[in-house]
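Student: Got a sequence here, can you build the structure:
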Amino acid sequence: MGWTQKVLRVNLTTGSVATEPLNMDWALKYIGQRGLATKYLFEEIDPKIDALSPANKLIMATGPLTGTMAATGGRYSVITKSPLTGAIACSNSGGFIGNEIKNAGFDMLIFEGKAPKPVYLYLENDKAELLPADHLWGKSVWEADRLLHNDHQDPLLRIACVGRAAEQGCLYAGVVNDLHRAAGRSGVGTVMASKNLKAVAVRGTKGVGNIRDPKQFMLATQTAKKVLAQNPVTGEGLPKMGTQVLMNVINEVGAMPTRNMREVQFEGANRISAEAMHVPRESDGKPNLTTNAACFACTIACGRISTIDPKHYTIVNKPQYMGANGGLEYEAAWALGSDTGVDDLDALTYANFICNEDGYDPISFGSTVAAAMELFEIGALTKEHTGGIEMRFGSAEALTKAAELVAKGEGFGRDLGLGSKRLCEKYGHPDLSMTVKGQEFPAYDPRGIQGMGLTYATSNRGACHLRSYTVSSEILGVPVKTDPLTTDGKPELVKAFQDATAAVDSTGLCVFTTFAWTLEDIAPQIDAACAGDWSPDKMLEAGERIWNLERQFNLKAGLTKADDTLPKRLLKEAAKTGPAKGKVSELHKMLPHYYEIRGWTPDGVPTTDTLHRLAI
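Tutor: Numbering: from 1, shown residues only. Below you'll find the predicted structure:
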């Protein structure tokens, strides 16, 4: 069946832990992980609640292929209402804990209420208990991980944890697992900390069986693995260069958001790129990149493991940062680098280490620092506000000091922890926040990639590239090449990507497989593992159902058509250089047709016919 058909429900208020059957009627409509947990959340909470109140719930969910031999079948997601956006939040992570939850015998963990004192969940197969976490509270992710492994004397224990940033109320704190993998966006860690839940420690040894047709599943997964191995992106580019392979590519096409998105190309891109990470240092002859790394069951291994130059100012007398740890992915390198104008690779790596160590989103952090730098430049922020920091574009010292302050929730770090929307509102310049629905932009300027403008504006979790990565088509030509500078056909393209991605995010597989795979490759794996007769068309319909349910959640939470927009800068200020020179985002040409093909009203509300067709 793929599913374990078991849910662990944890009431933090009362301290009770109970097992219940998975709603299989819902599983057959929403698959698992993102889709199925969204259904549970939609049915169990009022979307209008305060995201940081005990009435919110937090769900850790696996997919039916999590823990199986399917390539990249190690994913899990954290689903809740976001404190950053007020919209639904679903943040996906790799590493090994998703597999561990599944091996312990559960499809999802549902946390409700709020513990009177800090606790953590210890889960070992059928044994589940809430234990005191007073000794962990106030500790970083890295320190809490070390202490939990020491407490339980089990090196194979898998841990998901929040850091000090979440405890201090940083609105974009994530949940970090395996030290440097993270459900990183939308403040899911902030919600977890608000419940006094410090960590989830899991050891599962049951194995993952219950596959509907084992022989067919083995055939389908082996066939799909060959496709990944033979594809130039998943078989060569990502293993060698990681997502950082995009740095110079996106810069050259004029879609690299730079200095709070005032510009579309960064003159220092080559100094913080994948290629730069391979160059040996003068100090010790070693490159920034130590090795690549893979999550559970992954045949791609796009992860980066890095070290900092031992003579770099950031780690002098700081031995805890001198070892290898999670290195820069493209999104982090962009947000910490191009967007702030900083081209010091080691400073970026240090800031990224801090984000890992204390569990907060480097995309939102870097973008918020960029907004602060522009506020400082125009005089809206002064050194009195920043605690003496010269928040100037290009200042590595300002970036790394800001990272330390956000981690501890101290001084100006508390303002930065609000995110750029609230920061810019506080200091009188809301138009300088580069956000959609309160969430900061990723690393693709929609003036240079028109489809991404529609992607950002309509994303159910706020600005996000992973909800509809039209960069694949518009820049990389996957599955077909489209012109990034035109709006023609982009509503159809965005909808197709959104629906397909919602389905993939619900399986337990990594979305990076879709550089090589289509649903024609994924559906046979789901069909062999699960009941339900899964075809590509049925998966796509499930994805569309998930997208519309998320939309319904947001509408009930109070979001409207007015939230499906972009910052004025991107709609009014033309790109100054590159192929998109003279272009703005032409969202107005795409949005009405997008609503139409979605089966929504002109106000962006799913029609009764659409809801009926999708059985929502």
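Student: and Leu348, how far is that from His278?
Tutor: Separation of Leu348 from His278 (CB to CB, to the nearest Å): 15 Å. Placement of C-beta: from N, CA and C, glycine included.
Student: So for these two, which residue has more residues nearby?
Tutor: When Leu348 is set against His278 and neighbours are counted by other CB atoms under 10 Å, the residue ahead is Leu348, at 32 against 13.
Student: can you tell me the helix or strand for that one?
Tutor: For Leu348, the host element (DSSP states H and E) is helix 345-358.
Student: what's downstream of that helix, the next helix or strand?
Tutor: From helix 345-358 onward toward the C-terminus, using DSSP H and E, the following helix or strand is helix 362-377.
Student: Return the mean pLDDT over that next one, rounded to an integer.
Tutor: Per-residue pLDDT values over helix 362-377 give a mean of 98.
Student: helices or strands next to that helix in the packing?
Tutor: Counting by 3 or more CB pairs under 8 Å, 6 or more residues apart in numbering; DSSP states H and E, the packing neighbours recorded for helix 362-377 are helix 330-333, helix 345-358, helix 396-408, helix 412-416, helix 420-426, strand 439-440.
Student: and that helix, which residues are buried?
Tutor: Neighbour counts using 16 or more other CB atoms under 10 Å place 362-376 of helix 362-377 among the buried residues.
Student: now do stretch 125-142
Tutor: Buried residues in stretch 125-142, counting neighbours by 16+ other CB under 10 Å, are found at Ala128, Leu130, Ala133, Leu136, Trp137, Lys139, Ser140, Val141, Trp142.
Student: what about Leu466, neighbour count?
Tutor: Taking other CB under 10 Å as the neighbour definition, Leu466 ends up with a count of 18.
Student: Who are the contact partners of the nearest residue to it once chain neighbours are set aside?
Tutor: With CB to CB, 6 or more residues apart in numbering as the measure, Val511 is the residue that lies nearest to Leu466, at 6.2 Å, once sequence neighbours are left out. The neighbourhood of Val511, defined by CB atoms under 8 Å, 6 or more residues apart in numbering, consists of Asn92, Leu466, Tyr469, Thr501, Val504, Asp505.
Student: Next, give me the two most distant ones among those.
Tutor: Taking CB to CB as the measure, those span a maximum distance of 13.0 Å, between Asn92 and Tyr469.
Student: Show me this protein divided up by domain.
Tutor: With automatic domain parsing serving as the domain definition, the record reports that the chain contains domains spanning 6-203, 257-434, 444-613.
Student: So which of the ones you listed is the most surrounded?
Tutor: Mean neighbours per residue, mean count of other CB atoms under 10 Å, is largest over the domains of the chain for domain 6-203, with a mean of 23.
Student: Distance across that domain, terminal residue to terminal residue?
Tutor: Distance across domain 6-203, first residue to last, is 16 Å (CA to CA, to the nearest Å).
Student: can you check stretch 569-586 too?
Tutor: The straight-line separation of the ends of stretch 569-586 (CA to CA) is 12 Å.
Student: so how far is that stretch from its chain's centroid?
Tutor: A distance of 27 Å separates the C-alpha centroid of stretch 569-586 from that of its chain, computed with CA atoms, centre = their mean, to the nearest Å.
Student: hang on, the earlier thing: who wins for proximity to Pro484 among the helices and strands packed on helix 362-377?
Tutor: Comparing those by CB to CB, helix 330-333 comes nearest, at 17.2 Å.
Student: in the sheet, who's paired with Thr291?
Tutor: When bridges are called by DSSP bridges, Thr291 pairs up with Ile305.
Student: Next one: it from Arg304, what distance?
Tutor: Distance check for Thr291 against Arg304: by CB to CB, it reads 8 Å.
Student: any shared contact partners between those two?
Tutor: Shared contacts of Thr291 and Arg304, counting by CB under 8 Å, 6+ apart, come down to nothing at all.
Student: so how far is stretch 421-438 off the chain centroid?
Tutor: The chain centroid and the centroid of stretch 421-438 are separated by 21 Å under CA atoms, centre = their mean.
Student: and if you look at stretch 1-15?
Tutor: What separates the centre of stretch 1-15 from the centre of its chain is 23 Å, taken as CA atoms, centre = their mean.
Student: picking that back up, next step: the contacts of Val511 restricted to helices.
Tutor: Thr501, Val504 (DSSP state H).
Student: so can I have a markdown table of the contacts of Val511 showing pLDDT and distance to Thr458?
Tutor: Putting these into a markdown table (pLDDT from 0 to 100; distance: CB to CB, whole Å) gives the following:
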| residue | pLDDT | distance to Thr458 |
| --- | --- | --- |
| Asn92 | 98 | 19 |
| Leu466 | 96 | 14 |
| Tyr469 | 98 | 14 |
| Thr501 | 98 | 13 |
| Val504 | 98 | 18 |
| Asp505 | 98 | 16 |
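Student: so which of the contacts of Val511 comes closest to Ala229?
Tutor: Checking the contacts of Val511 against Ala229 with CB to CB, the nearest one is Val504 at 19.0 Å.
Student: and the closest one, what is it in contact with?
Tutor: Val511, Thr513, Thr514, Ile522, Gly543.
Student: separation between it and Leu58?
Tutor: Distance, Val504 to Leu58, by CB to CB: 23 Å.
Student: separation between Arg9 and Pro54?
Tutor: In this structure, Arg9 lies at 15 Å from Pro54, with CB to CB as the measure.
Student: What helix or strand is Gly98 located in?
Tutor: Following DSSP H and E, the helix or strand that holds Gly98 is helix 97-103.
Student: what sits up against that helix?
Tutor: 4, 60, 62, 66-67, 73-76, 108-109, 123, 158-160, 177-178, 181, 200, 202-208, 296-297, 508.
Student: Same check on stretch 584-600?
Tutor: Outside of stretch 584-600, the residues within contact range by CB under 8 Å, 6+ apart are 446-447, 450, 453-454, 457-458, 487, 490-492, 494-495, 548, 551, 564-566, 570-575, 601-602, 604, 606-607, 609-610, 613.
Student: again, only using 7 Å
Tutor: 446-447, 450, 453-454, 457-458, 487, 490-492, 494-495, 564-566, 570-574, 602, 604, 606-607, 609-610 (CB atoms under 7 Å, 6 or more residues apart in numbering).
Student: Thank you, goodbye.
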